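Q: for reference, the sequence and a predicted model appear below.
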Amino acid sequence: EDDDAQQLALYLYSEKQAVSSRQSMELALILMEYGYQSESIALVEMLKQKQDSDAIDYRDGMAVAMEGKEWSLAKSMAHHALIENAINPQNDVTIAELTDDDALDLELKPSEDPKEENLRELYNNADDNWLTRNVKSDLDRIYGRDQGYISFGVDYSARDGGNKSVQVPIEAIIPMSEYYGHLQLRADVVHLNSGDIDYYPSNETMSEKNTGTAFGIGWLTDSWSADIGTTPVGFDQQNIVGGLNLSGDLGDVGWKATLSRRAETSSTLSYAGMTVPNGVKEHQDEEWGGVMKTGVNLGGSYDLGGSVGYWASAQFYTMTGTGVEDNTRLGLLGGTYWKIINENDRRLSLGLNLMYLNYDKNLSEYAYGNGGYYSPQKYTSVSIPVNYYERLNDGFSYLISGSVSNSWTEEDGPYIDGSPNGAIVISGVWRDIAM
């Protein structure tokens, strides 16, 4: 049957002058699947010669050209799609529903003729509908192939009593369009100050400072990325880190899978490692810490450009470190969001997010065998995020974000000498408002 379908497709291609533009694009997609790329591209190039070609046909032609990596042709199809959309916008309003005033608003003045506009002008002036969002998104991907940048910043965080950190990330993204990707080079200068921390369960106090530089190299493409690097060179504990990301679409559902090995950066102990004070009975002057998370994260999302979208992810990690008990982390997350305002230059969204985390052991203390990272046995939270974005002109935009959350926590006593210390259970309810 597959051979018969292939022969039928080739026969229809031989009669390509007789088929409509819409049929031509359906045929182009079928031929591309069978490996007939040149025939598919030829059908796309014919669209401009057909009288019945509309914005949807050009949009489909752009998709075929991109699959065939014919970037100039794809931009040409985008140009025609945006022209046709400007003349006949793709929306849910029919001519019968328009008032006389609405109809007058659709009339094009000579100076507003979209056929006289270049691709950049059409991009900036396009109406906001499903077709223009699709075309502009693909144009961003095409132009992104040849765009690179160098970025840097300063990230400061601190908690009362200790664990202050200053991080200066420097990243270069180098376009390599001939290989259909970008080379990523990254260096992070990190300074940590633990402050005064009590060694559990003694009266000894620890205070350490660490400075180091992490290095990484990666490769970025549309559908996958990979990187490898180190935790900061200069820390007490140093490890190899890296990850592999795969993404794609399954029907209308977008999916992403990540396999990674990363540092647990929540404290000086978990990130850099520390030294046991010499005043305690066991493990005096031994270095411990440097916790690593190794595991997988699977995610999915559903958003067709309408007013509602959904997302979910499941993750599982094993957590190991020098002189630290092995641990596991299970995470289940999901949510939905409503686009109350969804315009080109203005967006307002309201969401609802759920999170569940489970760690096998409570290793949050600063004691040999613990990792100094938050590890409750049950953590559940509900949050309501609100985001407002507005672009005032081509050079200025702003984003305001806020959230209200409620969480519930259960923790065993600290895991000491192979078991929870006293098997104490702590339950808490926390409410937060953030901007």
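A: Looks like it arrived, so ask away. Numbers count the residues shown, from 1 in each chain.

Q: counting neighbours, what do you get for A9?
A: Residues contacting A9 under the criterion other C-beta atoms under 10 Å number 18. From N, CA and C alone the C-beta is placed, and that goes for glycine too.

Q: actually L220, not the one I typed
A: Going by other C-beta under 10 Å, the residues that sit close to L220 add up to 18.

Q: I figured it hits Y179, correct?
A: No: between L220 and Y179 there is no contact under C-beta atoms under 8 Å: 11.0 Å.

Q: quick check: neighbours shared by the two?
A: Counting by C-beta atoms under 8 Å, 6 or more residues apart in numbering, L220 and Y179 have no contacts in common.

Q: can you list the low-confidence ranges for the stretch 201-350 of the chain?
A: Counting by pLDDT under 70, the stretch 201-350 of the chain contains no low-confidence range.

Q: what ranges do the helices span in it?
A: For the stretch 201-350 of the chain, the helices defined by DSSP state H, counting those that start in this stretch occupy 268-271.

Q: just the stretch 51-200 of the chain next, same as before
A: Using DSSP H, counting those that start in this stretch, helices in the stretch 51-200 of the chain cover 55-67, 71-87, 100-106, 119-125, 130-144.

Q: ok, and which of the ones you listed has the densest surroundings?
A: helix 55-67 (a mean of 23; mean count of other C-beta atoms under 10 Å).

Q: for it, give me every contacting residue.
A: For helix 55-67, using C-beta under 8 Å, 6+ apart, the contacting residues are 21-22, 24-25, 28-29, 32, 40-41, 43-44, 47, 71, 73-74, 77-78, 80-82, 84-85, 88, 90, 131, 134-135, 138, 141-142.

Q: again with stretch 384-394
A: 124, 337, 344-353, 397-405.

Q: re earlier: which one, of the helices of the stretch 51-200 of the chain, ends up nearest to G254?
A: With C-beta to C-beta, the closest approach to G254 among these belongs to helix 130-144: 12.5 Å.

Q: next, the angle from the closest one to helix 55-67.
A: 30 degrees (axes from the mean of the first three to the mean of the last three C-alpha atoms, to 10 degrees).

Q: helices or strands up against helix 130-144?
A: Applying 3 or more C-beta pairs under 8 Å, 6 or more residues apart in numbering; DSSP states H and E, one finds that helix 130-144 contacts helix 55-67, helix 71-87, helix 119-125.

Q: which ones among the contacts of stretch 384-394 are found in strands?
A: When DSSP state E defines the strands, the subset of the contacts of stretch 384-394 inside them is 337, 346-353, 397-405.

Q: okay, R141 and V253: tell me how far apart.
A: 19 Å (C-beta to C-beta, to the nearest Å).

Q: can you give me the strands in the stretch 101-250 of the chain?
A: Applying DSSP state E, counting those that start in this stretch to the stretch 101-250 of the chain gives strands spanning 149-152, 155-159, 162-176, 181-193, 197-198, 205-206, 209-220, 224-230, 240-250.

Q: if we can go back for a sec, buried ones among the contacts of stretch 384-394?
A: 337, 347-349, 351, 353, 405 (16 or more other C-beta atoms under 10 Å).

Q: quick check: the farthest pair among those?
A: The distance between the two most remote of these (C-beta to C-beta) is 21.7 Å, for R347 and S405.

Q: in the stretch 51-200 of the chain, where is pLDDT below threshold?
A: Confidence mapping of the stretch 51-200 of the chain against pLDDT under 70 gives the ranges 91-116, 160-161.

Q: go again with 90.
A: 86-130, 133-134, 137, 141, 144-146, 158-163, 177-180, 200 (pLDDT under 90).

Q: how far does stretch 290-300 sit from its chain's centre?
A: Taking C-alpha atoms, centre = their mean, to the nearest Å, one finds the center of stretch 290-300 at 15 Å from the center of the full chain.

Q: so what touches that stretch?
A: By C-beta under 8 Å, 6+ apart, the list of residues contacting stretch 290-300 reads 231, 235-239, 241, 253-264, 270-273, 311-322, 324, 329, 371-373.

Q: kindly report the same for stretch 20-31.
A: Contacts for stretch 20-31 (C-beta under 8 Å, 6+ apart): 5, 9-10, 12-13, 16, 19, 37, 39-41, 43-44, 46-47, 50, 52-54, 56-57, 60-61, 63-64.

Q: understood, closing this out.
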